[in-house]
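Novice: Got a predicted structure plus its sequence, pasted below:
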Amino acid sequence: MTDLETRELEYFITLADELHFGRAAARLSIAQPALSKAIRRVETRLGVPLFVRSSRHVELTPAGEALREHGRHALNAVGAAVRHAQRAGDARSRMRLVLKPGGDAGLLSGILARYAQQPDARQVDILFSGPADRTDFLRDGRADVGLLYAPFDDLGGLAHETLHTEDRVAILPSGHRLAGRASVLMSDLEGETLPRWKGIPGGGGDGDGPEVADVVQLLQMITVGRMIGVLPRSLVEPLPPGLRGVPVTDTPPSRLVLAWPEHERRPLVASFVTAALGQGGAPPD
C-alpha cells in the first residue's frame with residue numbers, strides 16, 4: 001500500500017486546481033522548486049505521472065484527475081475528523097446551528113428557548129449559509145446541527161428528524177395570468193422561467209432562467225417579471241406587495257428537518273435534538 005502524507009496531498013490538490021506551479025506555490029507559501037520536488041516525489045511513490053508539463057502548460061493526466069477527485073474527499077474527511085475531535089474534547093464548546101436566512105418555518109425562537117431549559121445547554125452560534133453548502137457545514141464539522149429542507153437538500157450521510165411539513169407555492173407577480181387562481185398544477189407552469197440557484201450543480205432543479213443566490217434576490221426578480229418561483233410556503237410568506245403565492249397541488253410537500261452527522265454521539269447534540277423535537281410543529285400564527 002502506498003501512503004501519502006496529508007501535506008503532500010494538499011500540495012497536489014492545490015497544483016491540480018491552479019495548473020500553474022508559480023500560483024500554486026504562492027498559495028501554499030512555499031518556494032516553487034520545493035513544490036516541484038514534492039510533486040515528483042508523489043509521482044515516484046505512486047508509480048504514475050499526475051501532470052503533463054511543458055514550458056507553458058500544465059495539465060492533469062487521467063491518474064491525476066482520479067487523485068484530485070478522491071484526494072479532495074480525503075482531505076475534507078481529515079479536516080472534518082480533526083474538527084470533530086477538537087469539539088468533542090472541548091467541554092466549553094458551543095452548539096453550532098446552520099440554516100438559510102429565514103429557513104426555520106418560524107420555529108427557531110421556540111427551539112432555542114426550549115433548548116435553553118436543558119440542564120446541559122450551551123450557547124448556540126447561528127451560522128447562515130447559501131443554498132448550496134448547508135450540508136457541507138455538517139459533514140466537515142463547521143456545524144453540529146442544521147435546519148434543512150427536504151427534498152431540496154441532500155440528506156445522505158446525515159441523521160434527521162422532520163420538524164414541520166408544508167405545501168409549496170408558486171410565487172407570481174400580481175398581474176400574472178395565474179395569480180387569481182386558488183391553486184395550480186406544475187403543468188400550468190410549463191413555459192415559465194424558473195431560477196437557477198447559485199452554487200448548485202445544474203441550478204438545483206429544472207430552472208433555466210437567471211441565476212439567483214437567495215430568496216430575497218428571487219423575489220426581486222419575480223417582482224420585475226423576469227421569472228417565477230416554486231418554494232416552501234414558509235420561505236416566502238409574508239410576501240412583499242405586488243406578489244401572489246398560489247398553492248401547487250401536485251408537488252410533494254416540503255419538510256423542514258433537523259439534521260446532524262449520522263455518527264454523531266455527543267450528548268450536547270442529543271440534547272439539542274430532544275429540545276427541537278419537543279418544539280416541532282406548525283409555526284405560530
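Specialist: Thanks, I have the structure now.
Novice: quick one: what helix or strand has residue 73 in it?
Specialist: Secondary structure from DSSP states H and E places residue 73 in helix 62-88.
Novice: ranges for the helices of the protein?
Specialist: 6-18, 21-28, 32-46, 62-88, 108-116, 134-139, 215-223, 233-236, 267-279 (DSSP state H).
Novice: Make TSV from those helices and add mean neighbour count and distance to residue 183 to it.
Specialist: C-betas here are computed from N, CA, C, even on glycine. Listed next are these as TSV, based on neighbours: other C-beta atoms under 10 Å; distance: least, C-beta to C-beta, whole Å:
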stretch	mean neighbour count	distance to residue 183
helix 6-18	18	48
helix 21-28	16	53
helix 32-46	15	59
helix 62-88	14	43
helix 108-116	17	29
helix 134-139	21	30
helix 215-223	18	18
helix 233-236	21	12
helix 267-279	17	30
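Novice: As a quick check, tell me the outermost residue of the protein.
Specialist: Ranked by distance from the centre of the chain (C-alpha atoms, centre = their mean), the top residue is residue 55, with 39.2 Å.
Novice: of all the helices of the chain, which lies closest to residue 253?
Specialist: Checking the helices of the chain against residue 253 by C-beta to C-beta gives helix 233-236 as the closest, at 9.9 Å.
Novice: Just the C-alpha atoms of the closest one, please, in PDB.
Specialist: What follows is helix 233-236, C-alpha atoms only, in PDB (Å, rounded to 0.1, in the frame of the first residue of the first chain):
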ATOM      1  CA  ARG A 233     -44.600  28.400   1.800                       C
ATOM      2  CA  SER A 234     -42.700  29.500   5.000                       C
ATOM      3  CA  LEU A 235     -39.700  30.700   3.000                       C
ATOM      4  CA  VAL A 236     -41.700  33.400   1.200                       C
END
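Novice: for it, the distance to its chain's centre please.
Specialist: Counting by C-alpha atoms, centre = their mean, to the nearest Å, helix 233-236 is centred 19 Å from the centre of its parent chain.
Novice: Repeat that for stretch 113-121.
Specialist: Stretch 113-121 has its C-alpha centroid displaced from the chain centroid by 27 Å (C-alpha atoms, centre = their mean).
Novice: cool, stretch 251-258 as well?
Specialist: 16 Å.
Novice: Kindly report the same for stretch 104-113.
Specialist: Stretch 104-113 has its C-alpha centroid displaced from the chain centroid by 20 Å (C-alpha atoms, centre = their mean).
Novice: Show the end-to-end separation of that stretch, please.
Specialist: 14 Å (C-alpha to C-alpha, to the nearest Å).
Novice: quick one on the thing from earlier: can you give me phi and psi for the residue farthest from the centre of the chain?
Specialist: Main-chain dihedrals, residue 55, degrees, to the nearest 10: phi -70, psi -20.
Novice: so how far is residue 49 from it?
Specialist: Counting by C-beta to C-beta, to the nearest Å, the gap from residue 55 to residue 49 is 17 Å.
Novice: For residue 182, which residues are in contact?
Specialist: 246-247 (C-beta atoms under 8 Å, 6 or more residues apart in numbering).
Novice: brain fart, residue 130
Specialist: 100, 198-199, 213-214.
Novice: do the same with residue 97
Specialist: Counted by C-beta under 8 Å, 6+ apart, residue 97 has contacts 124-127, 143-147, 272.
Novice: Fine by me, thanks again.
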